[in-house]
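Asks: no FASTA, just this:
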Ligand SMILES: NC(=O)C1=CN([C@@H]2O[C@H](COP(=O)(O)OP(=O)(O)OC[C@H]3O[C@@H](n4cnc5c(N)ncnc54)[C@H](OP(=O)(O)O)[C@@H]3O)[C@@H](O)[C@H]2O)C=CC1
Ligand SMILES: Nc1nc2c(ncn2[C@@H]2O[C@H](COP(=O)(O)O)[C@@H](O)[C@H]2O)c(=O)[nH]1
């Protein structure tokens, strides 16, 4: 990447400060762009879901892995739950979605409580042999009380597909019948759900799979307590990526932990952070990190910069750290501050191998929190920072009240925020479509067929606030 007219300013920049100029291109179609990251994690798109409790759980992990990304389970979840979540994700189908199932005698209230857990908007009603006997959608509830049993309201005109049916006919069939989704069966037994959009997406995305063909999943650990024991357990459970994550990643204890964990497994990919300097990047790589997590203070739930004055504008942090890592044959993950597809494109242009996204994904059906409605009827989810009082309280739950109170004094994050579900993009895959469309397009503007070419070719300039504002769509007249 280079700056337009070689005008690199002497001060640090963030994503909003940057624009990219189009260049002569030989790439005829956005579909000719291969977005496989260079970091050899096994992902097929450059997106990692943050290890935040309000963002990353098993539903998020399976859904994004099906589209080629990887989610990282947070360090605050009890080990037995993490182990069962890894096993669950590894057991999921790489194409068909996991259905929400209920029995014919279950109530409409139970169905409504579950329906927003997944984006496909349906509950499959199954009999005692796990054979689908009906489909319930929210529209079926209109005019019935909450205790009505599902067999009275569900649709029984079932369209089902046999396992292995090609995706294009599935799409055509659903579209012609104006259905959004249908059960997939092996014999008569339910094995998944396929949606119209899902069938389309499966022809455009490649799932992120391990050597056995199972979906990828990562896990995070901190640097306190029995880190070695926990890392060994996570490796045994089959984690595909270990993220060692603390606010200040450039500290001695962190480097020791990275070395220890490298010693446990020479092959498991280790991501460590967070840092924002070349020195921090080099030290983490020398200790054994394959990927360095870059970003101090850009996160949406972050109060670090306001509390401490510490951090660095994210574009410059990514640019410097990526260069330092690449000189050592390693890569970085740009963590935090992603609000638009353009931010992802700019991080990749600056040399990041992938980007980590948290809060944007908190406002989706797949994040772990329950979906709530505000007084205007809008759907939202609660989000909170991993260094907030709420997270610190949970992390220190086994310690004495005194120790907990001491730790809570050092909060550096927001404890309660509302992330609204975008009615146009309520599922994480909708946001991934949006991001990937933007990044593919950005690559063609730079004449790049791969992310490496994109990083090499990209030419960026620095814009004023007015320049940034000019690029924002105007949705009402002025
Ligand atoms: N990317 C970012 O900008 C930030 C991210 N976070 C996120 O919050 C989560 C919790 O992180 P963290 O609070 O580090 O968790 P942990 O409590 O797991 O670990 C922090 C360790 O580092 C020590 N430490 C030394 N200096 C600092 C410092 N300035 N800030 C924090 N700890 C320090 C702590 O000791 P002691 O507690 O005794 O000081 C503790 O031993 C992580 O997921 C992290 O990514 C948090 C802040 C910033
Ligand atoms: N300073 C804090 N940073 C936090 C906290 N919780 C998470 N984070 C960091 O933010 C990114 C995600 O950024 P986003 O803009 O996509 O939400 C995450 O990966 C952490 O590095 C926090 O409480 N304080």
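Replies: Ah, there it is. Because the structure is a prediction, the values reported are computed rather than measured. Numbering: from 1, shown residues only. Ligands and ions are numbered 1, 2, ... in the order given.
Asks: which parts of the chain sit against ligand 2?
Replies: Within reach of ligand 2 by Cβ under 6 Å from any ligand atom, the chain has these residues: 50, 52, 274, 295, 299-302, 304, 335-338, 356-360, 385-388, 412-413. From N, CA and C alone the C-beta is placed, and that goes for glycine too.
Asks: Go back to those residues and keep what's next to ligand 1.
Replies: Among the residues of the chain next to ligand 2, the residues lying close to ligand 1 (Cβ under 6 Å from any ligand atom) are 274, 295, 299, 302, 304, 336, 386, 387, 412.
Asks: ok, now how distant is residue 147 from ligand 1?
Replies: In this view, residue 147 and ligand 1 are 43 Å apart by Cβ to the nearest ligand atom, to the nearest Å.
Asks: So which elements touch the one helix or strand in the chain whose mean pLDDT sits lowest?
Replies: When each helix and strand of the chain is scored by mean pLDDT, DSSP states H and E, helix 401-408 comes last, with a mean of 85. In this structure, helix 401-408 packs against helix 389-395, with contacts taken as 3 or more Cβ pairs under 8 Å, 6 or more residues apart in numbering; DSSP states H and E.
Asks: What is the end-to-end distance of stretch 447-461?
Replies: 17 Å (Cα to Cα, to the nearest Å).
Asks: Ignore what I typed, I meant stretch 282-301.
Replies: Length of stretch 282-301, first residue to last, Cα to Cα: 27 Å.
Asks: And that stretch, what's buried?
Replies: 282-285, 287-301 (16 or more other Cβ atoms under 10 Å).
Asks: what does stretch 404-421 give?
Replies: Buried positions in stretch 404-421, judged by neighbour count with 16+ other Cβ under 10 Å: 411, 412, 413, 414, 415, 417, 419, 421.
Asks: Show residues contacting that stretch.
Replies: The set of residues external to stretch 404-421 that reach it, using Cβ atoms under 8 Å, 6 or more residues apart in numbering, is 247, 299-304, 307-308, 359-360, 362-365, 367, 371, 374, 378-393, 395-397, 399.
Asks: neighbours of the one residue in the stretch 51-200 of the chain that gets nearest to ligand 2, just the number please.
Replies: Nearest residue of the stretch 51-200 of the chain to ligand 2 (Cβ to the nearest ligand atom) works out as residue 52 at 5.4 Å. By the measure other Cβ atoms under 10 Å, the count of residues near residue 52 is 27.
Asks: Residue 224 versus the nearest residue to it once chain neighbours are set aside, what's the distance?
Replies: The shortest distance from residue 52 to any non-neighbouring residue, by Cβ to Cβ, 6 or more residues apart in numbering, is to residue 358 (4.6 Å). Using Cβ to Cβ, to the nearest Å, residue 358 is found at 22 Å from residue 224.
Asks: got it, and residue 334?
Replies: 26 Å.
Asks: and the stretch 101-250 of the chain, which of its residues are near ligand 1?
Replies: By Cβ under 6 Å from any ligand atom, the residues of the stretch 101-250 of the chain that approach ligand 1 are 222, 223, 224, 245, 246, 247, 248.
Asks: Top of the residues you listed by number of neighbours, please.
Replies: Per-residue neighbour counts (other Cβ under 10 Å) across those peak at residue 245, which has 24 neighbours.
Asks: Please name the nearest non-neighbouring residue to the residue of the stretch 101-250 of the chain found nearest ligand 2.
Replies: The stretch 101-250 of the chain approaches ligand 2 most closely through residue 247 (6.2 Å), counting by Cβ to the nearest ligand atom. Nearest residue to residue 247 in three dimensions, chain neighbours excluded: residue 387, at 5.9 Å (Cβ to Cβ, 6+ apart).
Asks: Quick check: which ranges of the stretch 301-450 of the chain have low pLDDT?
Replies: By pLDDT under 70, the stretch 301-450 of the chain has no low-scoring segment.
Asks: Which positions in it make contact with ligand 1?
Replies: Within the stretch 301-450 of the chain, the residues that sit near ligand 1 (Cβ under 6 Å from any ligand atom) are 302, 304, 336, 386, 387, 410, 412.
Asks: And for the fourth one, the neighbour number?
Replies: Spelled out, that is residue 386. Residues lying near residue 386 (other Cβ under 10 Å) number 29.
Asks: do residue 9 as well
Replies: Residues lying near residue 9 (other Cβ under 10 Å) number 10.
Asks: swap in residue 166?
Replies: For residue 166, using other Cβ under 10 Å, the count is 10.
Asks: repeat for the one 10 residues further on
Replies: Taking other Cβ under 10 Å as the neighbour definition, residue 176 ends up with a count of 8.
Asks: so where does the residue lying farthest from the centre of the chain fall, helix or strand?
Replies: When distances are taken from the C-alpha mean of the chain, residue 152 lies farthest, 38.0 Å away, according to Cα atoms, centre = their mean. Using DSSP states H and E, residue 152 sits within helix 150-153.
Asks: I would like the residues contacting that helix, please.
Replies: If you take Cβ under 8 Å, 6+ apart as the criterion, helix 150-153 is touched by 102-108, 111, 123, 125, 133-134, 136, 140-141, 144.
Asks: Which ones among the residues you listed map onto helices?
Replies: If you go by DSSP state H, the contacts of helix 150-153 have 108, 111 in helices.
Asks: Specify which member of the contacts of helix 150-153 is nearest to ligand 1.
Replies: Relative to ligand 1, the closest of those is residue 123; by Cβ to the nearest ligand atom it sits at 34.4 Å.
Asks: And the pLDDT at that closest one?
Replies: You'll see residue 123 listed with a pLDDT of 96.
Asks: can you check residue 478 too?
Replies: Looking at residue 478, its pLDDT reads 87.
Asks: Give me the phi and psi angles of the most centrally placed residue in the chain.
Replies: Nearest to the geometric centre of the chain sits residue 49, at 2.7 Å (Cα atoms, centre = their mean). Here is the backbone geometry of residue 49 (degrees, to the nearest 10): phi -90, psi 130.
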